[in-house]
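Asks: Okay, sequence plus prediction incoming.
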Amino acid sequence: MPDAPPIDLSTIPESQRAAVLAVLQERDALKEANRRLEHLVAELNHVVHGKRSEKLSKDDRQLAFEDLETAVAEVETRKEQAAPSATTPRRSRQRNLGHLPAGLPRIERIIEPANLECPCGCGRMHQIGEDRTEQLDIIPAQLRVLVDIRPKYACRTCSDGVTQAPAAPWLIEGGLPTEGAIAHVLVSKFADHLPFYRQSQILARSGIQIDRSTLADWAGTAAFHLGPVVDRLTEHIKSSGI
């Protein structure tokens, strides 16, 4: 579709210029969004039907669909924000209301009206019910420092020595990580497919400078200690008749 000819705002009454300008801005934004969608659709067709489509993995194809869905959601949100909800029907969004696991901790926020005095002047209003809505909130991985303090005790009247609890065993003696930190690195690497260099970048955003080679050393140490577990699982699997 060819672009519409430019509109001369000087020919429009002053009282209507603001509304016309808003419509023009919305039109330009939608045109830009449509161009982006057309570009993504072309890329998606190339991924699905191109010469190398058979060589692409399922994850590679899924990435293309995710980009397209993200662009569509952006366009729909732009339309909802630009047009009144009374005149523009909203797209049905995928929601999971009522299906959040009961075991998740719930933080209740009570939102009270600004004024509870009855408009007729008969006093304070009483609560007759409530509406509850649930939203899924995500707290990024929280980094913390575990500080082991081992007090030393000695007798003031004799010199029989100093009493102190032994240090807790460390997976990496004198190292930085706890067992939980190493487990997080391993899950991120082998379950979430996050290479060590990306994990290093993620930690750097929290002010923790850990080189990828250090993360690799942690994984190697963990692999050594997990060796007996893997061997026992292998024996169990081989003893099965299937």
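Replies: Perfect, I can see it now.

Asks: Centre of the chain to stretch 216-229, how far?
Replies: Centroid separation for stretch 216-229 versus its chain: 28 Å, with C-alpha atoms, centre = their mean, to the nearest Å.

Asks: List the contacts of that stretch.
Replies: Outside stretch 216-229, the residues that touch it by C-beta atoms under 8 Å, 6 or more residues apart in numbering are 171, 172, 175, 177, 181, 182, 183, 185, 186, 189, 196. (Each C-beta comes from the backbone N, C-alpha and C, glycine too.)

Asks: Just the mean pLDDT for it, thanks.
Replies: The pLDDT scores in stretch 216-229 average 91.

Asks: and that stretch, C-alpha only, in PDB?
Replies: What follows is stretch 216-229, C-alpha atoms only, in PDB (Å, rounded to 0.1, in the frame of the first residue of the first chain):
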ATOM      1  CA  ALA A 216      35.000 -24.100  34.900                       C
ATOM      2  CA  ASP A 217      37.300 -25.000  37.900                       C
ATOM      3  CA  TRP A 218      34.300 -25.100  40.200                       C
ATOM      4  CA  ALA A 219      32.400 -27.400  37.700                       C
ATOM      5  CA  GLY A 220      35.500 -29.700  37.400                       C
ATOM      6  CA  THR A 221      35.700 -30.000  41.200                       C
ATOM      7  CA  ALA A 222      32.000 -30.800  41.400                       C
ATOM      8  CA  ALA A 223      32.300 -33.400  38.600                       C
ATOM      9  CA  PHE A 224      35.100 -35.100  40.600                       C
ATOM     10  CA  HIS A 225      32.900 -35.300  43.800                       C
ATOM     11  CA  LEU A 226      29.900 -36.400  41.800                       C
ATOM     12  CA  GLY A 227      31.800 -39.200  40.200                       C
ATOM     13  CA  PRO A 228      30.800 -41.900  42.700                       C
ATOM     14  CA  VAL A 229      27.100 -40.900  42.400                       C
END
